[in-house]
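J.: A structural model of the following input is requested.
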Amino acid sequence: MNEQMLQDDQQLRKAFFNFLIPVMLANVLQSVGQVFAMFIVGRNLGVDALAAISAFFPFFFFLMAFAIGIGSGSSILVGQTFGAGNHAKMKEVVGVTLAFTTILSIAVAIFGGFFIEWILRFMQTPANILDMSISYAQILFFTLPIMFWYLVYTTFMRGVGDSKTPFLFLVISVVLNIAFLPPLVFGWLGLPAFGLNGAAYASVLSNLVTMILLLAYLHKTKHLLRFDKTILQHFKLKKDILTSLLKLAIPASISMVAISVAEIAVIGFVNAYGSDATAAYGVVNQVASYAQVPAMSIAIATSVFVAQALGANSTEMIKKIRQMGVRINYLLGGAIILIMYLFAEPILAFFIDSHETVLIAKNYLYIAFWSYLIFGHTQTVSATMRATGVVLWPTIFLVITIWVVQVPLAFLLSHYTSLELNGVWLAYPITFCVHFIMQYAYFKLGWQKRTLKAMLSE
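T.: Numbers count the residues shown, from 1 in each chain. Below you'll find the model as predicted:
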């Protein structure tokens with residue numbers, strides 16, 4: 001956030017797009033890697049294997065919420081200290097965050113790995129896919145520290161405005177995952193045929209190799225965030241940094257946990273309609289990751305730019321950044337969602353060879369996807385507030401809309417109306433609209449009246 005950018009709107013737009021494009025490409029590429037895995041599994045191992053992944057994912061996302069929360073909080077602190085030109089404090093943030101991430105990831109890995117069977121049973125996972133889900137999940141859980149470190153380190157780099165390096169290494173990760181997947185699933189090159197577990201092993205190996213290469217690259221290029229002695233000496237839990245980090249991370253994690261627990265409840269409603277419904281739910285959620293690409297990418301870019309603007313004491317730029325993010329959301333998001341409506345059936349049939357499952361999935365897509373534009377607008381507004389340290393009310397509104405609107409509505413509409421399974425899908429757009437109204441009302445009536453100040457300004 002340099003002086004020229006602060007004074008020149010064109011420079012700001014250029015910098016925003018230069019940051020946004022690699023973030024969007026990274027999200028798309030990540031989805032491509034997941035889509036390839038879903039295609040291999042769905043087309044070669046069958047709908048049951050696809051459903052096994054879908055049944056486990058909400059709980060995995062529940063535990064990943066902690067890493068996402070830490071990454072979100074640390075990127076704001078890194079952005080604010082970097083924007084203020086305080087590189088020493090920034091490296092202190094990185095060291096403390098890595099130490100905390102290591103401890104947390106080990107605890108989450110142990111918990112998830114040992115309790116997944118009980119949890120999947122509690123989620124009413126269909127009996128014909130239970131064993132596959134357990135085996136697949138345990139591989140990912142016991143290797144979770146690798147994924148946590150990789151996720152958090154890429155958020156550090158985005159916090160200093162470097163979205164290109166994370167994208168380049170995501171390319172490596174996806175290529176490795178695609179290369180590892182068939183040999184490990186089908187037993188090529190003399191390897192055992194691990195079946196569905198091979199998909200989990202491919203994911204773990206690609207993350208591990210990429211993380212090692214990333215750290216080596218940062219060291220060789222003398223990147224500002226390379227893992228050096230300065231960061232290592234701060235590899236400990238320090239009260240002031242940890243307090244600020246947790247102030248941001250806990251609400252973010254609570255938000256993610258609220259979403260993931262709700263998804264666990266929702267998939268319980270879906271599972272009651274059989275494994276075809278479960279598979280449809282998983283595939284549409286995967287396709288939805290593309291519809292959400294603009295929203296999530298713009299929120300990341302908005303958060304980073306707002307944090308840096310606040311660190312540079314340039315609060316007048318925050319309004320411009322937010323408005324730019326909202327406009328881009330409707331343009332890009334609208335284009336992608338329109339394509340998905342026009343080509344819904346061939347897109348879904350790419351993953352699913354069961355006509356009945358495709359019809360279920362198509363209903364979900366038709367009912368819910370338009371509302372991702374509202375979701376994107378809400379994300380941009382929330383990202384603006386969170387980047388300035390305002391996290392409590394956005395979190396409260398999210399939890400309320402999920403647990404007072406989405407989950408009860410999904411239950412009532414699917415159990416007590418003729419909508420049945422479609423009632424679960426209808427709950428999504430209603431929830432997004434209610435959430436937008438609450439967040440925007442607070443933004444106008446509360447947040448805009450606050451005096452904004454960076455959290456680590458010393």
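J.: For the residue sitting furthest away from the middle of the chain, give me the backbone phi and psi.
T.: Distance to the chain centre peaks in the chain at G190, reaching 35.7 Å (criterion: CA atoms, centre = their mean). Phi and psi for G190, reported as degrees, to the nearest 10, are phi 80, psi 0.
J.: ditto for F194
T.: Backbone torsions of F194, given as degrees, to the nearest 10, read phi -80, psi -10.
J.: try T315
T.: The phi/psi pair for T315 (degrees, to the nearest 10) is phi -70, psi -20.
J.: quick one on the thing from earlier: retrieve the pLDDT associated with the residue farthest from the centre of the chain.
T.: As predicted, G190 sits at a pLDDT of 80.
J.: Please apply the same query to the one 3 residues further on.
T.: What the model reports as pLDDT for A193 is 81.
J.: One more: the one 3 residues further on?
T.: Per-residue confidence at L196 stands at 79 (pLDDT).
J.: what separates the nearest residue to it once chain neighbours are set aside from T395, distance-wise?
T.: Nearest-residue entry for L196: A49, 4.9 Å, with adjacent residues in sequence omitted and distances by CB to CB, 6 or more residues apart in numbering. Just so you know, the C-beta spots here come from the backbone N, C-alpha and C atoms, and that holds for glycine as well. Going from A49 to T395 by CB to CB, to the nearest Å gives 36 Å.
J.: Show me which of these two is the more surrounded one.
T.: More neighbours surround A49 than the other of A49 and T395, with 23 against 19 (other CB atoms under 10 Å).
J.: you'd agree that one is up against V41?
T.: Yes. Using CB atoms under 8 Å, A49 is in contact with V41, at 5.0 Å.
J.: just checking, what packs against the strand or helix carrying R13?
T.: When elements are assigned from DSSP states H and E, R13 belongs to helix 9-44. With contacts taken as 3 or more CB pairs under 8 Å, 6 or more residues apart in numbering; DSSP states H and E, helix 9-44 sits against helix 3-7, helix 47-83, helix 164-186, helix 196-220, helix 275-291, helix 293-311, helix 316-342.
J.: Does anything pack onto the helix or strand just after the longest one? Which helices or strands?
T.: Same thing as helix 47-83. Using DSSP H and E, the next helix or strand after helix 47-83 towards the C-terminus is helix 87-122. Here helix 87-122 touches helix 47-83, helix 127-142, helix 144-159, helix 229-232, helix 239-271, going by 3+ CB pairs under 8 Å, 6+ apart.
J.: So what's the model's average confidence on the second one?
T.: For helix 127-142, the mean per-residue pLDDT is 81.
J.: what's the spacing between the helix holding R13 and its chain's center?
T.: Mean-position distance between helix 9-44 and its chain equals 12 Å (CA atoms, centre = their mean, to the nearest Å).
J.: Grab the nearest non-local neighbour of K236.
T.: What sits nearest to K236 in space, not counting adjacent residues and going by CB to CB, 6+ apart, is A99, at 5.5 Å.
J.: nope, S203 is what I was after
T.: With CB to CB, 6+ apart as the criterion, S203 has its nearest non-adjacent residue at 6.1 Å, and that residue is N177.
J.: what does V287 give?
T.: Nearest non-adjacent residue to V287 (CB to CB, 6+ apart): I347, at 6.2 Å.
J.: ranking the helices and strands packed on helix 87-122 by burial, who's on top?
T.: Comparing the helices and strands packed on helix 87-122 by mean neighbour count (mean count of other CB atoms under 10 Å), helix 47-83 comes out on top with a mean of 25.
J.: roughly how far is it from the heart of the chain?
T.: How far helix 47-83 lies from its chain's middle: 5 Å, per CA atoms, centre = their mean.
J.: So for that helix, mean pLDDT?
T.: 78.
J.: Could you do stretch 251-270 as well?
T.: For stretch 251-270, the mean per-residue pLDDT is 80.
J.: my guess is F167 contacts P22, does it?
T.: Yes. At 4.0 Å, F167 counts as touching P22 under the criterion of CB under 8 Å.
J.: Please report phi then psi for T388.
T.: Dihedral angles phi and psi of T388 (degrees, to the nearest 10) take the values phi -100, psi 10.
J.: now do P192
T.: Main-chain dihedrals, P192, degrees, to the nearest 10: phi -70, psi 150.
J.: same thing with Q233?
T.: Dihedral angles of Q233 (phi, psi; degrees, to the nearest 10) stand at phi -70, psi -20.
J.: which ones are touching it?
T.: Residues near Q233 by CB atoms under 8 Å, 6 or more residues apart in numbering: G95.
J.: what about the closest residue to M147 other than its chain neighbours, how many residues close to it?
T.: Of all residues not flanking M147 in the chain, N207 sits nearest, at 5.5 Å (CB to CB, 6+ apart). N207: 21 surrounding residues under other CB under 10 Å.
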